[in-house]
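>>> have a look at this prediction, sequence included:
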2 protein chains.
Amino acid sequence: MTTPRRYALLRPDLLPSLQRGVTAVAGLMAGHSKTLRPGAALMEMGEGHETVYRVRAGWFVQVRALPDGRNQIIEVFVPGDLVGVKTMFLAQQFETVQALTIAAVEHAPCRQMRDLSASNPDVSLRLMWQILEDERRLHAGIVSLGQGNADERMAQMLLDFHGRLADADLICEDASEFPLPMTQQHLSDLLGISEVHVNRVLRRLREQGLVTMHSGKVRLLNRSALEMLACPVQDAFERGSLDTCEGTAS
Amino acid sequence: MTTPRRYALLRPDLLPSLQRGVTAVAGLMAGHSKTLRPGAALMEMGEGHETVYRVRAGWFVQVRALPDGRNQIIEVFVPGDLVGVKTMFLAQQFETVQALTIAAVEHAPCRQMRDLSASNPDVSLRLMWQILEDERRLHAGIVSLGQGNADERMAQMLLDFHGRLADADLICEDASEFPLPMTQQHLSDLLGISEVHVNRVLRRLREQGLVTMHSGKVRLLNRSALEMLACPVQDAFERGSLDTCEGTAS
DNA sequence: CGTTGCATTGAGTGTTGTCAAGCTCTGTGG
DNA sequence: CCACAGAGCTTGACAACACTCAATGCAACG
């Protein structure tokens, strides 16, 4: 069997262990599920938590609310992601995790998961893998926020979601349309751009024939132009083998 | 015995295990050390790596180089940090880790560390803890880059380093001066601000009597004003109990 | 048919980036 | 001891990008 794209970065010899871990974690959670309405919080900032979740359906965001009313979306979770692995080890949570859509999760007690992971390296690897993936996305986010202008951030984000949904088998790899259940306000909080400017960037991309966005659906009209735009702030993994980037850079 | 501040966020019942893990990891690395000159790379982007390191002395930065010449510093490592835990599991590395100063590291083979962590939950927890700390700082970085203006980012960064050095017992908690072996170019790459603007921000802070920076030494002249400035983008842990923040916010 | 939430647009402002020059310090070689 | 070079720091002038404020459009929904 061949390595799925989502595990392309894993050391190949660890793949069997990870796959056993995925099964074991799913097994522990099987049968314990919960559904949430849009806007409902899965975890609240400032508390300790005793449960670890796996997203079965729907989208979630992890948001840091600043004392003066600003918000920063730190991560977005889609089906298949584990949520709350960190909080298995921490006494306190700094962010709120809330549903963007109608959503369903499975869950298991932290304590049980910790015990299982202590006795089963496969489970431990599964948990570690989730954190490593989170971290990879955080790195991408830092680069995007730190070095990208508004257009680059937007393009990078769109391609990132497209890739993640394809990895999770929620859309076909070469589908040009995919769901994005976020308002422009959400995008603003995710990209660190004002809401008004998000709108202007989207207009520009639309006018250039790159992307349209309507009622929660994104359509990528010119993927390669978008990749060109996002390229400077994308990591090699997302770029794939496509090295067309440094062309006419200053 | 009382919990050290650096472990304040860990679930208290895990503290003994973590401390055993720290010892076990140190034991595995004991005797294998290496020194580096400023600018030397510990790990290079694009390769696989077979070694995990622990910083014994000096500062390191993890940098993502963009194809058009821009750079983003993603993390900074100081003594006590483990470097390369991620790469124990990944086939490829996306960032370069390089020394800012003369530095010394201890190291152990990835494979050995992985085997040890599979058989010893204490070691596994020690590795996990490093990643969780990294992730906590990445979250702080995302918030700072996404929501903070140049002044806020600078203030947050200064307080962050002060706290980390104090946690690592490299300076006294209430010392007002600490080393910061970074050029303004480095700060620019870390904060996502142009080099010229970094200079302007520093001048402003100096003129307001908040901070001075000379030849790699920072002096915090008015810590509480700096905390006030950074407050919006700081997490509750860094703020401590100080809740003076939302005062006159719009 | 008004209300509500979200999207869109324009005008004006301000923070930050860019370009270009000059400065300070330090180490090196004459 | 001095001249020089190089790295890093400082400053000013100007341009660009992004933010704010404010108004309007638009669709869903009761």
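In hand now; what should we look at?
>>> what number of residues lie near the residue nearest to A:V52 when sequence neighbours are not counted?
The shortest distance from A:V52 to any non-neighbouring residue, by Cβ to Cβ, 6 or more residues apart in numbering or on different chains, is to A:G84 (4.4 Å). Glycine gets a C-beta too; all of them are placed from N, C-alpha and C. The number of residues packed near A:G84 is 24, by other Cβ atoms under 10 Å in any protein chain shown.
>>> cool, the one 5 residues further on as well?
Under the neighbour criterion other Cβ under 10 Å, A:F89 is assigned a count of 19.
>>> now do the same contact list for it.
Contacts for A:F89 (Cβ atoms under 8 Å, 6 or more residues apart in numbering or on different chains) come out as A:114, B:10-11, B:14, B:125, B:128-129, B:132.
>>> I'd like the distance between it and DNA strand D.
Noted for A:F89: a distance of 34 Å to DNA strand D, by Cβ to the nearest atom of the strand, to the nearest Å.
>>> what strand or helix carries the residue positioned nearest the centre of chain A?
Centroid check for chain A by Cα atoms, centre = their mean gives A:V76 as the closest residue, at 4.1 Å. Using DSSP states H and E, the element containing A:V76 is strand A:71-77.
>>> output the contacting helices and strands for that strand.
Packed against strand A:71-77 by the contact rule (3 or more Cβ pairs under 8 Å, 6 or more residues apart in numbering or on different chains; DSSP states H and E) you find strand A:60-65, helix A:121-147, helix A:184-191, helix B:121-147.
>>> at contact distance from DNA strand D, anything in it?
No: Strand A:71-77 stays clear of DNA strand D (Cβ under 7 Å from any atom of the strand), getting no nearer than 12.0 Å.
>>> what's the closest of the helices and strands packed on strand A:71-77 to DNA strand C?
DNA strand C sits nearest to helix A:184-191 of all the helices and strands packed on strand A:71-77, at 3.4 Å, using Cβ to the nearest atom of the strand.
>>> I'd guessed A:A26 sits against A:R54; true?
Yes: between A:A26 and A:R54 there is a contact at 7.3 Å, judged by Cβ atoms under 8 Å.
>>> who has more neighbours out of these two?
Under the criterion of other Cβ under 10 Å, the comparison of A:A26 against A:R54 puts A:R54 first, with 24 against 13.
>>> on that earlier part again, in its sheet, what does the strand holding A:V76 sit against?
Strand pairing for strand A:71-77, determined by DSSP bridges: strand A:60-65 (antiparallel).
>>> pull the residues that contact the strand it pairs with.
A:42, A:45, A:71-77, A:81, A:83, A:94-100, A:103, A:182, A:186, A:189-190, B:139, B:143, B:235.
>>> show me where chain A has helices.
For chain A, applying DSSP state H gives helices covering A:15-29, A:110-119, A:121-147, A:150-167, A:184-191, A:195-207, A:223-230, A:236-239.
>>> any chance of a markdown table for those, columns mean pLDDT?
A markdown table is the format used below for the helices of chain A (pLDDT from 0 to 100):
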| stretch | mean pLDDT |
| --- | --- |
| helix A:15-29 | 96 |
| helix A:110-119 | 93 |
| helix A:121-147 | 96 |
| helix A:150-167 | 96 |
| helix A:184-191 | 97 |
| helix A:195-207 | 96 |
| helix A:223-230 | 93 |
| helix A:236-239 | 68 |
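>>> now those as TSV including distance to B:P109?
Compiled in TSV, the helices of chain A are given as follows (distance: least, Cβ to Cβ, whole Å):
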stretch	distance to B:P109
helix A:15-29	18
helix A:110-119	23
helix A:121-147	17
helix A:150-167	31
helix A:184-191	39
helix A:195-207	47
helix A:223-230	37
helix A:236-239	25
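>>> flag every residue of chain A that's near DNA strand C.
A:183-185, A:195-196, A:199-200, A:202-203.
>>> filter those down to the ones close to DNA strand D.
Restricting the residues of chain A next to DNA strand C to those within reach of DNA strand D (Cβ under 7 Å from any atom of the strand) leaves A:V196.
>>> now, of the residues of chain A next to DNA strand C, which are buried?
Buried members of the residues of chain A next to DNA strand C, counted by 16 or more other Cβ atoms under 10 Å in any protein chain shown: A:184, A:202.
>>> nearest to A:A230 among the residues of chain A next to DNA strand C?
Comparing the residues of chain A next to DNA strand C against A:A230 with Cβ to Cβ places A:L202 closest, at 14.7 Å.
>>> the closest one and chain B, how far apart?
Plainly put, A:L202 is 18 Å away from chain B if you go by Cβ to the nearest Cβ, to the nearest Å.
>>> find the nearest non-adjacent residue to that residue, please.
Among residues not flanking A:L202 along the chain, A:M213 sits closest, at 5.9 Å (Cβ to Cβ, 6+ apart).
>>> now do the one you found: how many residues are near it, please.
17.
>>> partner residues bridging it?
With DSSP bridges as the criterion, A:M213 is bridged to A:V218.
>>> how many other residues sit next to the closest residue to A:E106 other than its chain neighbours?
Nearest non-adjacent residue to A:E106, counting by Cβ to Cβ, 6+ apart: A:M29, 4.0 Å away. Using other Cβ under 10 Å, A:M29 is surrounded by 20 other residues.
>>> so which bits of chain A are right by DNA strand D?
When proximity is defined as Cβ under 7 Å from any atom of the strand, chain A approaches DNA strand D at A:149-151, A:192-194, A:196-197.
>>> A:H32 touches A:A108, doesn't it?
Yes: contact criterion Cβ under 8 Å: A:H32 and A:A108 qualify, at 6.5 Å.
>>> compare the two (neighbour count), which wins?
Taking neighbours as other Cβ under 10 Å, A:H32 and A:A108 compare with A:A108 leading, 20 against 14.
>>> got the domain boundaries for chain A?
Per automatic domain parsing, the structural domains of chain A span A:23-120, A:149-239.
>>> got these as TSV, with distance to B:G21 columns?
Output for those, formatted as TSV (distance: least, Cβ to Cβ, whole Å):
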stretch	distance to B:G21
domain A:23-120	12
domain A:149-239	30
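>>> for B:G58, find the nearest of these.
Evaluated with Cβ to Cβ, those place domain A:149-239 nearest to B:G58, the distance being 26.8 Å.
>>> distance check, A:F237 against DNA strand C.
Going from A:F237 to DNA strand C by Cβ to the nearest atom of the strand gives 26 Å.
>>> contacting residues for that residue?
By Cβ under 8 Å, 6+ apart, A:F237 lies in contact with A:8-9, A:136, B:92, B:94.
>>> with A:A8 instead?
A:237, B:91.
>>> equivalent analysis for A:R206, please.
Residues near A:R206 by Cβ under 8 Å, 6+ apart: A:212-213.
>>> mind doing that once more with 10 Å?
When contacts are counted by Cβ atoms under 10 Å, 6 or more residues apart in numbering or on different chains, A:R206 touches A:212-213, A:221.
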